[in-house]
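Participant: Starting from these lines, generate the structure:
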Amino acid sequence: MFSGKRFGVEFKFNEAPKVTSALSDLSLDHLWVIYPGMMCYPAHEKITMLPLAEIFRLPGEIG
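Facilitator: Below is the predicted model of the structure:
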């Protein structure tokens, strides 16, 4: 929890990962899915797909 918000990070091994139910199951405000692909993109308004090579961006995205 950060500033009263619940965030999650999920790691996937697939280059085209599917969105899971973690966002709703855990009542998260935002979920980052770390995957082995090359592009950072929104999969949903509260889900960001983030390449493993760019994981260093995660603290800035949260804070």
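
Participant: For the helix-or-strand element of the chain with minimal mean pLDDT, name the packing helices and strands.
Facilitator: Between all helices and strands in the chain, the lowest mean by mean pLDDT, DSSP states H and E belongs to helix 58-62, at a mean of 87. For helix 58-62, the packing partners by 3 or more Cβ pairs under 8 Å, 6 or more residues apart in numbering; DSSP states H and E come out as strand 30-35, strand 47-51. Every residue, glycine included, has its C-beta placed from N, CA and C.

Participant: who's the residue at minimal distance from the centre of the chain bridged to?
Facilitator: Note on the chain: the residue nearest the mean C-alpha position is W32, at 0.7 Å, using Cα atoms, centre = their mean. In this entry, W32 is beta-bridged to V9, T48, by DSSP bridges.

Participant: Among the helices and strands packed on helix 58-62, show me which one is buried the most.
Facilitator: Mean neighbour count (mean count of other Cβ atoms under 10 Å) peaks for strand 30-35 among the helices and strands packed on helix 58-62, with a mean of 20.

Participant: need the next SSE after that strand, C-terminal direction.
Facilitator: strand 41-44 (DSSP states H and E).

Participant: Given that following strand, what are its sheet partners and their directions?
Facilitator: Strand pairing (DSSP bridges) places strand 41-44 next to strand 47-51 (antiparallel).
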